[in-house]
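Engineer: I would like to see how this sequence folds:
(chains A, B and C)
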Amino acid sequence: MAPSRVQSACARCRRQKLKCDDTRPCQLCIRSEAECTDVVNKRRKQTIGARQPQNRKRPEHRPLPVNTAPSDDPRLSLQPQIVPSGTRVTDLVTSQRERAHSTFHHVQELFRNHMTTLRDSDAIPDGTPANKQSQVPGSRIPIIELIGIQLPSAPITLTLLDAYLQANHWYLSLFHEPSFRARLVTILQTEGILPSEKSFLLLLLAVLIIGARFSNHETLHSLDPQFNPQQSRTIWIEAVENHIFWILQEATLESVACAVLMSIAYLLERKTQLSFTMSGLGSRAAQAMGIHDETTWGHLDPIEVQVRRRVWWSIYMVDVYIAQAYGKPSILPTVQFNVSEPEDLDDTLATCPGIGSYEVREDGTFKPVTIFSYNRYKAQLYSIADPTAHSIRLPHIKRTYARLLDWEKTVPRELKLDSFSENQNMINDAALCVFSLQALTLQVTYDYKHLILFRPFLLSKKYLGVRLHDGPVETQDRSNTTIRDQLFTSALRMSSICRWQNILIILGNTTSAAQLCFQCFTAGVVLAMLALSELSSPRLPECKQGLARLIRSLEVAGAGSPLSRQSVDILMEAMHLISAEEVKELVSRAGKPAEDVRSVLPTANLVTRLAYSRGTGDIHRAIHQPDAVHGQEMWEELDLMPDESEPEILNSISLYQSLASLF
DNA sequence: TTATTCGGAAATTAAAAACA
DNA sequence: GTTTTTAATTTCCGAATAAT
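Structural biologist: The predicted model follows:
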């Protein structure tokens, strides 16, 4: 009668199906020196209504479990399905997941089953906002009473919505289009709005602000000659600003989505500082609502669940992107959330004409690739290149790098840029057009992630020569890739997008253009810095050509925006600088023997020198036995000790700091 | 020899149904 | 209100497999 069962197994034991114990860390974790963390039990968390009432008569057979995928295993929800040949991702993510419960959360636990309704708690952190329940239906009131301005006429509003969908929805999806449209139509028809819909209205305004920027002004003029897009945009922005704090306090899904859109809108308005801050507000609001943890959502309508996931992943990606672009730590750490990938809803079932690949979903099933797959792949990409580490270590970077390479292998043909022809006219086929845009931005983002990953090393000549692949040098020719090589390859591949001018032109009329321009700009800066660090290298011409192609891409996709103009100017300047330095270099070398004058330290040289300096003279051995390269000598050469004593490298170096060292 | 993985049996538990 | 039933969800045995 040994009561041998433990009330809750730790994360590791649970995953490995081993017998755990009540101590923390448990004996097994101690034995294997693993981190021992608790996992929240879904069963204990189940709320009233979470289970479907059964038609209890005679069930005969046990029905299949509804949801076999245990969504609260964080590894499942965070790690994309890239588990290639044997490379299992370690406990890293699992073990770090901590659930921080607020005081108010404990209050709820305490009174569960003892109080039908909780009393007022709006003054307590994490309590329920006061005006939530009191705002029962009510009657429709004119919009002007709620926010002080009118919406434009129905045709204009719908045109702007369409413009928004084209410009942003394929790239960052923040709502379910059919529901959104239905709600909008009701408002337009009744010319009134429920007071409880205020946050929806503000989200709509944000949509219109972006729509107005990307819509065709002639079409608008023909619909309503009085309508002035620029002026309206200013008015709407002001209206949203007047109410933004109100809706953030209200904490609805729409308020978070609105904050995300405003962040983008500010970026387009050249208010980059506000954009940064606004995305932070949105992230925080999302966390306050618990959107980062599905287990707290309770029972929701299936569409609502998916929309929440969409919003969460969108804000996560915006937050990470903006943080990286600014070189600041991001607010939303990967390890502390628990939201599954968004799935397809009825509005995203379109597939790519001509290609019919399948995608492995989070739950292991195979589904056709749809126009929404892009969002899932992008989300995976973002969670791989984990931005949480404010300071990072080389082994971590190598691991991330390996995962990036694995991720790339999983990308379906629909989302590969090479699948699209360079001179095809995309405009005729909407789906094809969207897929090509997605493929291009996905590839650029992937390469950009490499640049960001290695960006901290740009200022350190020592690190540029570090090899990226541990383990034996196999048949793979890239096994000797150094950080410098990879930066070079990625930046060059980014520059190759200028071949797809047809796609770039369309892309210039979407919100993703801003991101693309910035990514190209980054690639340009990286190429320039590489070029300057090895002026005599045979790669120099390629660097310059790459820069030229990036400048061209910026001009095409930037469509005359200030961001693209300024980037082009700076990159041009960098080109001149490189040429000038090159001339100096040539002159100074003119009278000397052709051998090295360089003080830079490329790895190939290092290996050779190592082999010689050790007196063996056996270059072969040095190259084919990676241990020799990765052993003590290597690190001494680099003034470093392996692993533990390795100094931390700050990740938060902004592009501007890199730039400053350029000029 | 030791560690990891995983199918699935057995145990546990919240909710629903039945009962009083 | 209490007890019983049901089904979802958990723990962890034990056998297979992989790593050392």
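Engineer: Could you use CA atoms for every contact and neighbour count after this?
Structural biologist: Will do.
Engineer: In the stretch 1-150 of chain A, where is pLDDT below threshold?
Structural biologist: Counting by pLDDT under 70, the stretch 1-150 of chain A shows low-confidence ranges at A:1-4, A:42-139.
Engineer: Ignore what I typed, I meant the stretch 501-650 of chain A.
Structural biologist: Along the stretch 501-650 of chain A, the model assigns pLDDT under 70 to residues A:591-650.
Engineer: all helices of it, in order?
Structural biologist: Secondary structure of the stretch 501-650 of chain A, counting by DSSP state H, counting those that start in this stretch: helices at A:501-507, A:512-533, A:540-558, A:562-589, A:603-613, A:619-624, A:626-630, A:632-637.
Engineer: cool, and the stretch 351-500 of chain A?
Structural biologist: Counting by DSSP H, counting those that start in this stretch, the stretch 351-500 of chain A has helices at residues A:373-384, A:394-410, A:430-454, A:461-464, A:483-495.
Engineer: Now mean neighbour count and mean pLDDT too, for the ones you listed, in a markdown table please.
Structural biologist: Shown next, in a markdown table, are these (neighbours: other CA atoms under 10 Å; pLDDT from 0 to 100):
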| stretch | mean neighbour count | mean pLDDT |
| --- | --- | --- |
| helix A:373-384 | 22 | 85 |
| helix A:394-410 | 16 | 77 |
| helix A:430-454 | 23 | 87 |
| helix A:461-464 | 19 | 63 |
| helix A:483-495 | 23 | 86 |
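Engineer: ok, back up a step: now the helices of the stretch 501-650 of chain A in JSON lines, with distance to A:Val339?
Structural biologist: Converted to JSON lines, the helices of the stretch 501-650 of chain A look like this (distance: least, CA to CA, whole Å):
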{"stretch": "helix A:501-507", "distance to A:Val339": "30"}
{"stretch": "helix A:512-533", "distance to A:Val339": "24"}
{"stretch": "helix A:540-558", "distance to A:Val339": "33"}
{"stretch": "helix A:562-589", "distance to A:Val339": "34"}
{"stretch": "helix A:603-613", "distance to A:Val339": "42"}
{"stretch": "helix A:619-624", "distance to A:Val339": "44"}
{"stretch": "helix A:626-630", "distance to A:Val339": "39"}
{"stretch": "helix A:632-637", "distance to A:Val339": "40"}
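Engineer: Could you single out the most deeply buried of those helices?
Structural biologist: Mean neighbour count (mean count of other CA atoms under 10 Å) peaks for helix A:512-533 among the helices of the stretch 501-650 of chain A, with a mean of 24.
Engineer: tell me what that one is packed against?
Structural biologist: On a contact count with 3 or more CA pairs under 8 Å, 6 or more residues apart in numbering; DSSP states H and E, helix A:512-533 meets helix A:430-454, helix A:483-495, helix A:540-558, helix A:562-589, helix A:655-662.
Engineer: 7 Å instead, please
Structural biologist: helix A:483-495, helix A:540-558, helix A:562-589 (3 or more CA pairs under 7 Å, 6 or more residues apart in numbering; DSSP states H and E).
Engineer: list the helices and strands the second one packs on?
Structural biologist: Based on contacts counted as 3+ CA pairs under 7 Å, 6+ apart, the elements that helix A:540-558 packs against are helix A:483-495, helix A:501-507, helix A:512-533, helix A:562-589.
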